[in-house]
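# Any chance you can model this:
(2 chains)
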Amino acid sequence: MIVADHITKTFTTDDGSTVRALDEVTLSVDEGEFVAVVGPSGSGKSSLLFALGGISGPDSGKVHLGATDVYSLGPSRRAALRRTEVGFVFQTFNLVPWLDVVDNVAFPAMLAGRSRREARSLAHGMLEKLGMVARARHYPAQLSVGERQRVGIGRALVNRPKVLLADEPTGSLDSANGTQFLDLLSEFNGQGQTIVVVTHSAALAERAHRIVSIVAGRVTDDRPGRLRRLAS
Amino acid sequence: MTIMWFALRELLSRRGRAYGAVLVVASAVALSVTVELVSRAREAAIAIQFDAVGPALRILPAGASPQSIVQEGTTSPALPPGTVEAVRRTAGPALAALEQRRVAWLPVAGRRNLVMWVEPTSGGDAVLLAGEVALGPVLASSLGVQPGQMVEILGEPYRVATILPSRADADDTAAFLPTAPRTRVEAQVQPTELRLFLRPDASISSVASAIEISVAGISVLRPDRGAVVESEAQDALASHRHLIWWVTGIVSLLCLAVASHLDAQERRREVAMLVAIGAAGYDITLAGVVRSAALGAAGGVVGFALGALATLALDARAASSVLPALPLAASAIAAATLVGIAAALPTGAAAALRDPVAELQDV
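Got it, this is the predicted structure:
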């Protein structure tokens, strides 16, 4: 489904020094798999996630989404790929504060070429799945953090992407909301959604099929999570 | 369409800044529109004044002296019946050509002054010979010249043939030159003299080169008097109009560029989110351009309205020039919109090129 093949990524910091965020990382995620990427801060987890999602290309190596070499595409076609094949969830939600919940969820569908009416209809369907219909006309500032993250996941999945990428999705949630969110991810994964999550949360990681550890830009461990262990 | 919808909703999310930007653009546009409309009103007023001056033709007996220039009246009773009609019939098609290029502001003794050309002779009696000039009394007094003395006009010496009696109007400040002999042919209606009243657009700055008379025996006089003076002021205003339009454009451009830059800085996170959910670079640029163009267009609309109101407040004559200036309104709005687009393109393009990762990770 999604493959990172020997990808390397370096950054130049404000003081001019160079940091190797990813160092020859190779990772393969199968369709329907739930993979947690764990590691200390600055280890390159998020860089890997953004590279997998077609946002920030590696300096070397390749990323394939299905049969597509993501970074061989031009910027416009890569943007189209992000619209339809990839959904992102962020720690700080990144919702649009001046759009109500239904428009926040509908917006990626509109961007993908659907009419506003059609997109809002899709968004309503998604909000029903998320138990958020009653909040459809509310604005992000009127929601709890748990609700905002649900809206975030609704926005990420409204275009039915092949893969859901989440960057510390429970990092801003309290324990109860975090658990609810994990249940939601598990539910979508149970429906066949491929998920890659970057997290510090052991609880979240344990829900995954696989736990991939990254330290200093290198994959140091790749082991089954609780779901896989239970399944086996 | 989605990006335009998004951009406009985004614009409304920061109304304070949007209102500020619109206000600046509107003020600049209003200034230009006011100057333009007042100018047009003055032009129209001059045209009306000229149209109301009197008949287009004045027929005088042969041998009329320079003093007859100041005589009032439309038709001399000494002329045979039907003369006016005969002259009109004969010379009519060429009258339009005569209406132009008979008055100029030219250097007289080193000073810019109203100069009118009149036919040098009338029915064989010399009125003004070649190389002679008739001066209005105010001009003569200011130059300190008497009949028979020389005065330099257009770099050429002219002998002062006569000083006209005062009319207490612009003629008093004018110099009257004879038309060049080459322009004369025999009058077709004898023994009469045809005098035309020129229109205000007999242009003040482009005259000196070509004075051509295609109808014979015609003396041209311009009884526009005070309006000519206003016409000169109008010329000066017209030159400032262009300057004001340029200043308006530059001020609006700077204002919208600053607003776009601030927007781009403040919306980095939104831009990063847009990239993450699949917006292409041109979508990001378009969003900025749409916002700025909307501000420019709104500034243009409000500016024209304010300018029209200010015009009415400043000059009652301008009321009639507002409605006919609707094409000007369209131009002002279009120009303000284009300025908005130009102001946002660089910042929009820069925002599209920025790596969104830092903003997406920023907690």
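# Can stretch A:110-127 be said to contact chain B?
Yes. Stretch A:110-127 is in contact with chain B by Cβ under 8 Å from any Cβ of the partner chain, via A:M110, A:L111, A:A112, A:R116. For glycine as for every other residue, the C-beta is placed from the backbone atoms N, C-alpha and C.
# likewise stretch A:50-65?
Yes. Where contact is defined by Cβ under 8 Å from any Cβ, part of stretch A:50-65 touches chain B, namely A:F50, A:G53, A:I55, A:S56.
# Sort out which residues of that stretch are buried, please.
A:50-58, A:61, A:63-65 (16 or more other Cβ atoms under 10 Å in any protein chain shown).
# likewise stretch A:77-91?
Buried residues in stretch A:77-91 (16+ other Cβ under 10 Å): A:78-91.
# what residues go with each domain of chain B?
When chain B is parsed with automatic domain parsing, its domains come out as B:2-45+B:231-361, B:54-223.
# comparing the ones you listed, which gets the lowest mean pLDDT score?
Least confident of those, judged by mean pLDDT, is domain B:54-223 with a mean of 53.
# circling back: most widely separated two among the residues of stretch A:110-127 next to chain B?
A:A112 and A:R116 (12.2 Å; Cβ to Cβ).
# circling back to that earlier point, quickly name whichever of the residues of stretch A:110-127 next to chain B is closest to chain B.
Set against chain B, the nearest of the residues of stretch A:110-127 next to chain B by Cβ to the nearest Cβ is A:M110 (4.2 Å).
# how much space is there between A:V96 and chain B?
Distance of A:V96 to chain B, computed by Cβ to the nearest Cβ, to the nearest Å: 7 Å.
# Surely that residue and A:A106 touch.
No. If you go by Cβ atoms under 8 Å, A:V96 and A:A106 don't touch, sitting 10.9 Å apart.
# what is in contact with those two at once?
Shared contacts of A:V96 and A:A106, defined by Cβ atoms under 8 Å, 6 or more residues apart in numbering or on different chains, are absent.
# And for A:K62, nearest residue in space, chain neighbours not counted?
Closest residue in space to A:K62, ignoring its immediate chain neighbours: A:D5 at 4.7 Å, by Cβ to Cβ, 6 or more residues apart in numbering or on different chains.
# Around chain B, pick out the residues from chain A.
A:46-47, A:50, A:53, A:55-56, A:75-76, A:79-84, A:86, A:88, A:90-92, A:94, A:96-99, A:107-108, A:110-112, A:116, A:155, A:167, A:171-172.
# The same query, at a cut-off of 7 Å, please.
A:46, A:50, A:55-56, A:75-76, A:79-80, A:82-83, A:88, A:90-92, A:94, A:96, A:98-99, A:107-108, A:110-112, A:155 (Cβ under 7 Å from any Cβ of the partner chain).
# ok, now which ones touch A:L182?
Neighbouring residues of A:L182 by Cβ atoms under 7 Å, 6 or more residues apart in numbering or on different chains: A:T170, A:A203, A:L204, A:R207.
# for chain A, what spans make up the strands?
Using DSSP state E, the strands of chain A run over residues A:2-12, A:18-29, A:34-38, A:60-65, A:68-69, A:86-90, A:163-167, A:194-199, A:210-215, A:218-224.
# Mind putting those strands into JSON lines with mean pLDDT?
As requested, those are exported to JSON lines (pLDDT from 0 to 100):
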{"stretch": "strand A:2-12", "mean pLDDT": "88"}
{"stretch": "strand A:18-29", "mean pLDDT": "87"}
{"stretch": "strand A:34-38", "mean pLDDT": "89"}
{"stretch": "strand A:60-65", "mean pLDDT": "90"}
{"stretch": "strand A:68-69", "mean pLDDT": "89"}
{"stretch": "strand A:86-90", "mean pLDDT": "88"}
{"stretch": "strand A:163-167", "mean pLDDT": "89"}
{"stretch": "strand A:194-199", "mean pLDDT": "89"}
{"stretch": "strand A:210-215", "mean pLDDT": "89"}
{"stretch": "strand A:218-224", "mean pLDDT": "87"}
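# do you know which of those lies nearest B:R9?
strand A:86-90 (20.8 Å).
# Can you tell me how far B:M1 is from B:V271?
Separation of B:M1 from B:V271 (Cβ to Cβ, to the nearest Å) stands at 19 Å.
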